[in-house]
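**Student:** missing the sequence, but the structure's below:
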């Protein structure tokens, strides 16, 4: 009976049909989605921290307004994703708890520091650019609520990448010192950004199953290649150099070849030893703890108002 | 003491006058007023809305996917409900 359901499920998703919250699904499919969607939501929320760092120090009022809008979007993206995740039968408070105790993961890119204004440009251009590359295929993922959330996210995300590129372009056209700032930011963010696509295909244990279930549509290496092919000419256009001595165009394949990626660094950051892992978690925990009284007060206020309304209604009856 | 989390609300947005409200997602809020305010910030940051409905998620009664056949199959064999079922002479151009 269970086997029968599983076969029917797999044939159903293979035919590009969507699964909705109350439909039968294998436990492993549900678990994979809860893990992936919650990690994705956490990444949006933690991703606000490195950028929030520069809101008060943006170089102009216009840049500040733009950065605030972008950070607000990240909060929104986190909320779309948490609500998509909850349709799988998990409680949002449990998801938060897993993040706060360090059990849940988020994208390791946010464990790198934003040292100066050029980093905000590099984050928008490269980090959001890589995120878009990962997210566009998810708009067609087999789980309806996740796919719908991703459509909204992708629509909003492209402004993020453009504003980042524009910051880099402006710096690259500026004084020698400004150009050096842009190059320095690119040097620091390039490798972590191309690591965002995850481990290479021959070392990506969950990929095959996720591809079979139409959660994942392209392999890590395919997406990474696509990102590099698109980004290298953009860097050239604004006169910046990709910090990879082995980078070269391959006429035959029509792709750029890149140098070896330091997966030890990647694994180290994931294991919690990146430059900002502790700081990020501490900031999240502080925000959650400091907000406790607000959550409690709002709940108490709502309860009091509901009671008052009920007693007014019974008096009127 | 940590209070239980705020209830879940389903959010429906009318994107412009003339269209019906459409489900866009959900959010947590302490009461209906806060749900409306949060829905504005979460789901209408780019003028996507002309009107918002918020509905407590636990007040929605939904059909079950198990009843899908029972509910919707009876319509399967009633092709005569569709205009294409009727063959008309070519001379009748528009009907």
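**Tutor:** Happy to help now that I have it. Worth saying up front: this structure is predicted, and the values here are computed from it rather than measured. Numbering: from 1, shown residues only, chains lettered A, B, ... in the order given.
**Student:** residue contacts, the closest residue to residue A:106 other than its chain neighbours?
**Tutor:** Excluding its sequence neighbours, the residue lying closest to residue A:106 (C-beta to C-beta, 6 or more residues apart in numbering or on different chains) is residue A:42, at 3.9 Å. In short, each C-beta sits where N, CA and C put it, glycine included. Neighbouring residues of residue A:42 by C-beta atoms under 8 Å, 6 or more residues apart in numbering or on different chains: A:78, A:95, A:99, A:104-106.
**Student:** if you look at those residues, which of them are in helices?
**Tutor:** With helices defined by DSSP state H, the entries of the contacts of residue A:42 inside them are A:78, A:95, A:99.
**Student:** pretty sure the first one is touching residue A:49, no?
**Tutor:** Which is residue A:78. No - taking contacts as C-beta atoms under 8 Å, residue A:78 lies outside contact range of residue A:49: 11.9 Å.
**Student:** what's the following helix or strand after the longest helix seen in chain B?
**Tutor:** Criterion DSSP H: the longest helix present in chain B is helix B:32-43. Where DSSP states H and E defines the elements, the next helix or strand beyond helix B:32-43 is strand B:51-56.
**Student:** got the contact list for that following strand?
**Tutor:** B:7-14, B:21, B:29, B:32, B:35-36, B:39-40, B:43-44.
**Student:** go again using 7 Å as the cut-off
**Tutor:** B:7, B:9-14, B:21, B:32, B:35-36, B:39-40 (C-beta atoms under 7 Å, 6 or more residues apart in numbering or on different chains).
**Student:** That strand - which strands sit beside it in the sheet, and in what orientation?
**Tutor:** Using DSSP bridges, the strands paired with strand B:51-56 are strand B:8-14 (antiparallel).
**Student:** Run the chain-centre distance for the partner strand.
**Tutor:** 9 Å (C-alpha atoms, centre = their mean, to the nearest Å).
**Student:** Next, the angle helix B:32-43 makes with that strand.
**Tutor:** 60 degrees (axes from the mean of the first three to the mean of the last three C-alpha atoms, to 10 degrees).
**Student:** Quick check: which element contains residue B:5?
**Tutor:** Per DSSP H and E, there is no helix or strand for residue B:5.
**Student:** and it, what pLDDT?
**Tutor:** Looking at residue B:5, its pLDDT reads 87.
**Student:** So it sits against residue A:94, correct?
**Tutor:** No - between residue B:5 and residue A:94 there is no contact under C-beta atoms under 7 Å: 9.4 Å.
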